[in-house]
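J.: model this:
(chains A and B)
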Amino acid sequence: MTGLKDSRTRGEWVLETARVLAHTGEGDLRKLVLQAPEIARRAVAGQFVQVHPMPRPLAGADPLLRRPLSFCEIRPREGIITLMYRVVGKGTRILAAARPGDELDLLGPLGHSFPDPRAGRGRLVLVGGGLGIPPLVAAAHWAREYREVEAVIGAPTRFYLAGAEELRAAGVPVTAVTEDGSEGARGLVTEPLQRLLEEGRVGEVWACGPEAMLAAVKELCAAASVPCFVSVAKHMACGFGACLGCTIPRAGAPGYLKTCQDGPVFAAEEVVLRGC
Amino acid sequence: MAAEVDLSTELFGIRFRNPVWTASGCFGYGREYAGLFPLRELGAICVKGTSLEPWEGNPGTRVTETPGGMLNAIGLQNPGVEHFLKVDWPWLQEQGATVVVNIVGRTVEEYAAVARRLEGSGVAALELNISCPNVKEGGMAFGTTPRGAAEVTAAVRKATTLPLIVKLSPNVTDVVAIARAVEDAGADGISLINTVLGMSIDIRRRKPHLGNVFGGLSGPAIKPIALRMVWQVAGAVRIPVIGIGGITTWEDAVEFLMAGARAVQVGTACFVNPRAPLEIIRGIRDFMVETGVTRVTDLVGAARPQGSLPELTGGSRENASVRSRGTAPRPHSEAAEALRQFMKDADRA
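T.: Numbers count the residues shown, from 1 in each chain, chains lettered A, B, ... in the order given. Next comes the predicted model:
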């Protein structure tokens, strides 16, 4: 890692059979509440699990791979984790059929967490876009114990502000924007973020969302000299560092970093993010 | 009471604890899996394709899922042979792992140089990767003609006294001709298959999913192709064949053994279930107990017509370089054999 003191967490991961406690949602959004005590005990906000859509991953062989999903909520004492996802293809359609009482096969917790909130200074601003909002819920629960935290979130429409309720329930002020104006101002998250930066009210930014959003957030933070951490999503096969499928170009040096293992949370200046 | 069964196999004069290895490119250098089980429990680990200098790999999207499988275009990203020798190999030795080093190069000279660098290191064997579909130079360019395959095999043969396995590509019209060419050029063993060249398109973006456009298909989807090729090659050469391609369950592994493979490699399955190799070893053992097979070697070629699996030559690598095709009649043509088998099966149906 670069000169920044690295306070992100990465520990041993495990294989665990989780039990579905609740599986709710409407349209193509779903929230999965799982009993997975071992993973819940080890998990830190920003890390993720690899979930297989089927209870017996190797018997069916189609779909083959697991799906990486970041923690939305982590409740270690109850042994519960929650995940949010969008039904987009074959894997998530099969996953969406899981009923309370069913078992799911998990690997986790995988990757590096957000940095320790005690390591940074000033107001922490969480910036989320669409399905990048849920991982900020776990981050908010963690960080608000130590820091002043607020959130700026955006999505194409009000419906896709996934996790907005949970974020408000975590007790952080939320500014929402939508591309169609169905909630908050019409526009992108970069606009309210820019305002906060100009007012000098931002000590640090943690962002999660589409890569073009992360690239824009990185640029704004760099211009304001505000530390920025980004949670990146890439296609991956294994999720634990073996396949080299989820690489991201390193910034300022040749070669690649592994999103699954070196990330998914990176100090923004460490990686090359593609704008749109 | 569990019966005693012997899972060990001997290939090119080396005894392996069991016939279940992990496939190159799917197991890194073992570190990612070491927290889950002791690496010494594997028959062997084929480490990530290793080159003379570090290779960065390909830009853009490198993996995408397809029905029953996945496409990859990693581009042989690896830290190079010096890093392997300094960092990974000492650690693997501490784990008590049996290690086969998969070697890659852009030129014949580079392949030979990696082999020379590994001479005397104590690794169990080399696996020559002439079948990676994802790099422009090297890789598959050597593996698609008998002459190219023989040339690089002969060059590495001269550079090493280690047992030399050559890993073949399925992206050829006659895999048997290439298998025979590398056997004649001094290979001690043949592993097959590498990935099958394929592609997929993202219809929303109107672009191929992979940055490299084409990639290598792996996983259960390719198992029938792999099994057929292992059957063909095992019937045509006198050096051990190691089966690879979509092996996901112990039943898959037993199929490859029965087709004539003397060991198998588990690849993509490790990504989905990192304990898959161990579960496969356990499954083979239980199957042997259940069916009264005491030595795993007794399963080798068990599904083949009597007499269609040639005896292995010598087996020691000393004779590999002086092995002559002239002394033993070449096993009958695989095409004739396939036809005969087809007719037999057709009769039965």
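J.: which parts of chain A sit against chain B?
T.: The interface of chain A toward chain B, taken as C-beta under 8 Å from any C-beta of the partner chain, is made up of A:12-13, A:15, A:52, A:57-59, A:61-66, A:91, A:107, A:234-238, A:240-247, A:249, A:254-256, A:261. Glycine gets a C-beta too; all of them are placed from N, C-alpha and C.
J.: for the buried ones among those residues, write the corresponding PyMOL selection.
T.: The following PyMOL command selects only the buried members of the residues of chain A next to chain B, with burial defined by 16 or more other C-beta atoms under 10 Å in any protein chain shown:
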select buried, chain A and resi 13+52+57+58+61+62+63+64+65+66+91+107+234+235+236+237+238+240+241+242+243+244+245+246+247+249+256+261
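J.: from the residues of chain A next to chain B, which ones fall inside strands?
T.: A:15, A:107, A:247, A:249, A:256 (DSSP state E).
J.: for the nearest residue to residue B:37 once chain neighbours are set aside, grab phi and psi.
T.: If you skip the residues right next to it in sequence, residue B:37 has residue B:278 as its closest partner in space, 5.3 Å away by C-beta to C-beta, 6 or more residues apart in numbering or on different chains. As for residue B:278, its main-chain torsions (degrees, to the nearest 10) stand at phi -70, psi -40.
J.: what's near enough to touch whichever residue of the stretch 101-250 of chain B sits closest to chain A?
T.: Chain A sits closest to residue B:220 of the stretch 101-250 of chain B, with a gap of 4.1 Å, by C-beta to the nearest C-beta. Contact analysis of residue B:220 by C-beta atoms under 8 Å, 6 or more residues apart in numbering or on different chains lists A:61, A:62, A:64, B:68, B:69, B:246, B:248, B:252.
J.: now do it against residue B:68, distance only.
T.: Relative to residue B:68, residue B:220 is positioned 5 Å away (C-beta to C-beta, to the nearest Å).
J.: find the residues that touch each one of those two.
T.: A:61, A:62, A:64.
J.: for stretch B:250-265, which positions count as buried?
T.: Along stretch B:250-265, these residues count as buried under the neighbour rule (16+ other C-beta under 10 Å): B:250, B:252-265.
J.: what's the farthest-apart pair in those?
T.: Using C-beta to C-beta, the pair of these lying farthest apart is B:250 and B:260, separated by 17.8 Å.
J.: ok, residue B:251 - contacts?
T.: Residue B:251 sits next to residue B:283 when contact means C-beta under 8 Å, 6+ apart.
J.: what helix or strand does it sit in?
T.: Using DSSP states H and E, residue B:251 maps to helix B:250-259.
J.: so residue A:85 makes contact with residue A:69?
T.: Yes. Counting by C-beta atoms under 8 Å, a contact exists between residue A:85 and residue A:69, whose distance comes to 5.6 Å.
J.: please enumerate the strands of the stretch 51-200 of chain A.
T.: Along the stretch 51-200 of chain A, the stretches classed as strands by DSSP state E, counting those that start in this stretch are A:67-70, A:73-75, A:80-86, A:103-110, A:124-129, A:149-155, A:174-178, A:185-186.
J.: now render those strands as CSV, adding mean pLDDT.
T.: Output for the strands of the stretch 51-200 of chain A, formatted as CSV (pLDDT from 0 to 100):
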stretch, mean pLDDT
strand A:67-70, 96
strand A:73-75, 97
strand A:80-86, 97
strand A:103-110, 95
strand A:124-129, 98
strand A:149-155, 97
strand A:174-178, 97
strand A:185-186, 96
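J.: and these, which is most packed in?
T.: Per-stretch averages of neighbours, counted by mean count of other C-beta atoms under 10 Å in any protein chain shown, single out strand A:124-129 among these, with a mean of 28.
J.: name the strands paired with that strand and say parallel or antiparallel.
T.: In its sheet, strand A:124-129 lies beside strand A:149-155 (parallel), strand A:204-208 (parallel), with partners assigned from DSSP bridges.
J.: ok, which of the ones you listed comes nearest residue B:149?
T.: Relative to residue B:149, the nearest member of the strands paired with strand A:124-129 by C-beta to C-beta is strand A:204-208, separated by 48.0 Å.
J.: distance from the chain centre to the next helix or strand after the closest one, please.
T.: The element immediately downstream of strand A:204-208 (helix or strand, assigned by DSSP H and E) is helix A:211-223. The gap between where helix A:211-223 is centred and where its chain is centred comes out at 16 Å by C-alpha atoms, centre = their mean, to the nearest Å.
J.: that older thread, want to throw the contacts of residue B:220 into a markdown table with pLDDT and distance to residue B:99?
T.: Below are the contacts of residue B:220 laid out as a markdown table (pLDDT from 0 to 100; distance: C-beta to C-beta, whole Å):
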| residue | pLDDT | distance to residue B:99 |
| --- | --- | --- |
| A:61 | 72 | 29 |
| A:62 | 84 | 32 |
| A:64 | 91 | 27 |
| B:68 | 93 | 30 |
| B:69 | 95 | 27 |
| B:246 | 96 | 24 |
| B:248 | 95 | 23 |
| B:252 | 97 | 24 |
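J.: between these, which is nearest residue B:151?
T.: residue B:246 (29.7 Å).
J.: tally of neighbours for the closest one?
T.: 27 (other C-beta atoms under 10 Å in any protein chain shown).
J.: ok, it - contacts?
T.: By C-beta under 8 Å, 6+ apart, the residues touching residue B:246 are B:69, B:218, B:219, B:220, B:221, B:222, B:223, B:226, B:252, B:268.
J.: which ones are touching residue A:166?
T.: The neighbours of residue A:166, taking C-beta under 8 Å, 6+ apart as the test, are A:72, A:73, A:134, A:137.
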